[in-house]
Structures are given as structure tokens and as C-alpha cells.
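Q: fold the following, please.
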Amino acid sequence: MSRQGLLPSASRSEALGAPGEARAQAKLRETLQWLCGSDYYLHDGPLVIGHAPGTAFPTAEIDHLAATPFGIFIFETKNWSGRIAPSTANGMLSRVGSDHRAEDRRSPLDQNRTKVAFFRARLPPIWPVLWAQACSPHPSRNLMPDSILTSSRSADLPQWLRTRRDAHNGLRAVDVQKASAAIALHSQSTKAALDEHKRRVTSK
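A: Modelled structure (predicted):
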């Protein structure tokens, strides 16, 4: 048995997701440099926010967060393979794997709703509405047409973000330096904070 096969389920899922997150981060950086030059902020690694204090699960993890002159973006990376299509269940997507069996998985955009609301409530209202977009770097992923509204491949990121930039043309630009400082005030990225969040999630 391989070493990976000996890992607990949660650890195995994290190990499989890490390469996808690294590829998505690289694609985001490449895209933002193309669109913004040096005027952008892309946090290096995941962030933890305290979105529900006093509850059993008070924190949430953000895979990627970027601040640009045309908006602040939260991205959820899912390194899924197979065919991804809408589900009949609210807030879910359906994944069909190589065995042709369908399984429901929570929509990344549904996961991001509370994260978007958290920052909307804390950042200056003069800044544009936060955007949430799923980012899936897996090369064998096949999106059905109706699911394009809720997620995208990494290869689609440049066009998606360029559209957002063009839509913001003529509006007041976000001060990226101030935005990154404000984001830091309302989030944590230490190993201790990330480990504690993962402990809560895996123990449920």
C-alpha cells in the first residue's frame, strides 16, 4: 500500500487538493500581472476568517484572496475531475466520475457566500462588491453548460477577470494597498489558526 493510502481521509483530501491550489495560485498571479501590472494584491496561501463567533464552527477558510483596482475577489479551488453539472439539490453540484456514478458536492459559490458577506460587512462600502468565483485547475474536468455560471476552469480566469475589469471602467478604483491592510485586520494566516480551523472541520 502506498504511503498516501495510509493517510486518514481528511489528510488524503488535503494532500490531493494542495497541488490544485498551487496551480490555481500560479494562474491567478499570472492573470493579475497581465491585467494589473504590479497594482494588485494576492495573498500567499489560505486565510481564516471568524465569520460565526460563538458557534460550533466559527471559522471559514479562504483558498485565494485577491485585491485589484476593480474589485476584491474570493476564490474557492476544487481539484475535481470528471463531469460537473448542476444538481437538483439546492447549493450543490453533481460530479460524475470515471465509474459513471453521480455524487453531489457542495457548490464552491455556495461555500463562498458567507465569506463574501463577512468582508462586505467589514470593508468600506465605497469599494466594489466582492466577487466570488470557483477555480478548478484539474485538466480532466468537464463542465456542463449550465454549470458555467457557478464555476470555471483555471484556463477561463483571464477572460472572466478581464470582463470584471472592463465592467468597472469609469468607476472609482480600489486602493489596493489600503485594501490589503484592511483584509489583514479581519483575517488570520498563521499556521496555528489554519491548524485550529482544520481540527474543527475534520472533527465534525
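
Q: in three-state terms, label Phe73 for me.
A: Using DSSP: H, G, I helix; E, B strand; the rest coil, the structure places Phe73 in strand.

Q: of all residues in the chain, which one is nearest the centre?
A: Glu76 (1.8 Å; Cα atoms, centre = their mean).

Q: surely it and Asn112 touch.
A: Yes: between Glu76 and Asn112 there is a contact under Cβ atoms under 8 Å: 5.4 Å. C-beta coordinates here come from the backbone N, C-alpha and C atoms, glycine included.

Q: low-confidence stretches in the chain?
A: 1-17, 79-82, 108, 129, 132-155, 204 (pLDDT under 70).

Q: could you pull out the strands for it?
A: 41-42, 47-49, 60-62, 64-68, 71-77, 82-86, 92-96, 102-106, 131-135, 141-143 (DSSP state E).

Q: for stretch 104-120, buried residues please.
A: Neighbour-count burial for stretch 104-120, counted by 16 or more other Cβ atoms under 10 Å, picks out 107-112, 115-116, 118-119.

Q: reformat the strands of the chain as CSV; add distance to Val174.
A: As requested, the strands of the chain are exported to CSV (distance: least, Cβ to Cβ, whole Å):
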stretch, distance to Val174
strand 41-42, 10
strand 47-49, 18
strand 60-62, 18
strand 64-68, 6
strand 71-77, 7
strand 82-86, 31
strand 92-96, 30
strand 102-106, 29
strand 131-135, 12
strand 141-143, 29
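
Q: next, the buried residues of stretch 66-85.
A: Here stretch 66-85 shows 66-80, 82-85 as buried, counting by 16+ other Cβ under 10 Å.

Q: what about it, how long is it end to end?
A: This stretch, stretch 66-85, spans 27 Å end to end (Cα to Cα, to the nearest Å).

Q: nice, that's everything, thank you.
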